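1. can't give you the sequence, but here's the structure:
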Ligand SMILES: [Zn+2]
């Protein structure tokens, strides 16, 4: 497939070091809080990419780290320790926080049909490996000890600014933005590999090291975990665009200095989820999580659909109106799949041009919206229902929107018996809620939703309005 490569700033064929196999690394979450749906956009698009690579016959080996130590609130070694912040907020230990939010992250992923990577590695399980890598970097002269910490010496590299959209100016801004400058650094871009002295005296997790009791910097974990589990040659590295600098720049610096040869030729970055005010995040506006979307009556797969409707390399503009449109499109898709008559033999010959269309869309820089168009084209074609079903199943290996399951559910559902009185009461409340939502009276809409929840009524948004059923 052709995939945009941040390293060369071009669309390029995605190649693998070993034919037939693809080694893929993903920067995982820092598990100090629930995941924002903006962060989940990256994991979601990476999931589609992984599924497409498998669909196209490659054997994908995918590794993801879990950051449970060392990540400060600014990616440039300053600010608060994120894990410590989470632990303080909830009066728990760092490891309790890590476990809780790791589980929460994968629960969200499951709801969004994001496949769990083959190998998931918490950073705290590999500290000995980080220490070994830092030792080698010191031996080779790429790192130095200053003020009790070990730093990477970026002046030793001729190509530190590998991602073309960064330059010394951006870096200068990055440094200016950080509150306090670390006097131990020889060069502004240098970064910490190992902390023994930092402002976090309350740091809970510390390990013995040749440089004293301390803890690893954030960037070393991905270099080390990737080399440990995927070997010296990585094919594809993924992350959100936020990670490109300084995190990925630093990963490349460490890995290539350690290995002594080029490490990963292809870099995949997913753009931000924005709202009208810019990038959406935990700290700005409403903290949007998958659970919150569910509480507001959205199926998490509607959020998956919303993401697939646009290209990963463009910022995606979020609003509830836009999500409502996706909900409507999703319901329409489900009802079209539902309308297909079961049984019969598919005709692979007739299906081929549609498969080709789908494949061409996805192999052209993961164009998911054209992939969806291919699906629509199948559904409105004059192919037999059996062939349509066959193609839906085929495309769903990549899109994974749960269309067949949702259709099966709607077919067998709605068989609930409720009294006419109860139904009238529910209909009235739904009408009131729609009115409140129209008037943007979210408090009122939420109160009505709570009331319905107490009545065990589950709402679903469809193109023809809201439908409901009683939970069993
Ligand atoms: Zn990383």
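-> Cool, the structure landed. All of these numbers come straight from a predicted model, not from anything done at the bench. Numbers count the residues shown, from 1 in each chain.

2. how would you label the residue nearest to residue 448 when sequence neighbours are not counted: helix, strand or coil?
-> Once flanking residues are discounted, residue 448 sits nearest to residue 433: 4.2 Å by C-beta to C-beta, 6 or more residues apart in numbering. Bear in mind the C-beta positions are built from the backbone N, C-alpha and C, glycine included. Using DSSP: H, G, I helix; E, B strand; the rest coil, the structure places residue 433 in helix.

3. For residue 433, list the residues it contacts.
-> 444, 445, 448, 449, 452, 466 (C-beta atoms under 8 Å, 6 or more residues apart in numbering).

4. What about these, which are in helices?
-> 444, 445, 448, 449, 452 (DSSP state H).

5. which of these count as buried?
-> Buried subset of these (neighbour count, 16 or more other C-beta atoms under 10 Å): 445, 448, 449, 452.

6. and the last one, what pLDDT?
-> Per-residue pLDDT puts residue 452 at 87.

7. Equivalent analysis for the third one, please.
-> pLDDT for residue 449: 86.

8. Now it. Nearest residue, chain neighbours left out?
-> Nearest to residue 449 is residue 433, by C-beta to C-beta, 6+ apart, at 6.4 Å.

9. Distance of the residue of the stretch 301-450 of the chain found nearest the ion relative to residue 288?
-> Nearest residue of the stretch 301-450 of the chain to the ion, counting by C-beta to the ion: residue 312, 17.9 Å away. Remark: distance between residue 312 and residue 288 (C-beta to C-beta, to the nearest Å) = 19 Å.

10. just for the stretch 151-300 of the chain, where's the confidence low?
-> For the stretch 151-300 of the chain, the stretches flagged by pLDDT under 70 are 164-180, 198-202.

11. can you give me the strands for it?
-> Assigned by DSSP state E, counting those that start in this stretch, the stretch 151-300 of the chain shows strands spanning 191-195, 215-216, 236-240, 267-270, 273-275, 278-279.

12. And the contacts of the fourth one?
-> In this case it means strand 267-270. Strand 267-270 is contacted from outside by 3-7, 41-42, 45-46, 49, 163, 236-241, 243-244, 248, 312-313, using C-beta under 8 Å, 6+ apart.

13. Excluding chain neighbours, what is closest to whichever residue of the stretch 201-350 of the chain sits closest to the ion?
-> Relative to the ion, the nearest point of the stretch 201-350 of the chain is residue 222 (3.1 Å; C-beta to the ion). Nearest non-adjacent residue to residue 222, counting by C-beta to C-beta, 6+ apart: residue 251, 5.1 Å away.

14. the domain parsing of this structure - what is it?
-> 17-270, 295-412, 420-470 (automatic domain parsing).

15. Select, out of the ones you listed, the one closest to residue 276.
-> With C-beta to C-beta as the measure, domain 295-412 is the member of these nearest residue 276 (7.6 Å).

16. list the buried ones in whichever strand in the chain runs longest?
-> Ranked by residue count, the top strand of the chain under DSSP state E comes out as strand 59-66. With burial defined by 16+ other C-beta under 10 Å, the residues of strand 59-66 counted as buried are 60, 61, 62, 63, 64, 65, 66.

17. near the ion, which residues of the stretch 51-200 of the chain?
-> Not one residue of the stretch 51-200 of the chain sits near the ion, judged by C-beta under 5 Å from the ion.

18. Pick out the residue of the stretch 51-200 of the chain closest to the ion.
-> Closest point on the stretch 51-200 of the chain to the ion, by C-beta to the ion, is residue 65, at 6.4 Å.

19. the helices in the stretch 51-200 of the chain, which residues?
-> Secondary structure of the stretch 51-200 of the chain (DSSP state H, counting those that start in this stretch): helices at 82-90, 94-111, 127-139, 168-177.

20. Need the ones you listed in TSV (columns: mean neighbour count).
-> Output for the helices of the stretch 51-200 of the chain, formatted as TSV (neighbours: other C-beta atoms under 10 Å):
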stretch	mean neighbour count
helix 82-90	18
helix 94-111	18
helix 127-139	19
helix 168-177	12
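
21. about what we covered before: got CSV for the strands of the stretch 151-300 of the chain, with mean neighbour count too?
-> Listed next are the strands of the stretch 151-300 of the chain as CSV, based on neighbours: other C-beta under 10 Å:
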stretch, mean neighbour count
strand 191-195, 26
strand 215-216, 25
strand 236-240, 24
strand 267-270, 23
strand 273-275, 19
strand 278-279, 12
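
22. any idea how far residue 422 is from residue 456?
-> Taking C-beta to C-beta, one finds residue 422 at 11 Å from residue 456.

23. got the contact list for residue 234?
-> The contact partners of residue 234, by C-beta under 8 Å, 6+ apart, come to 23, 24, 25, 226, 263, 264.
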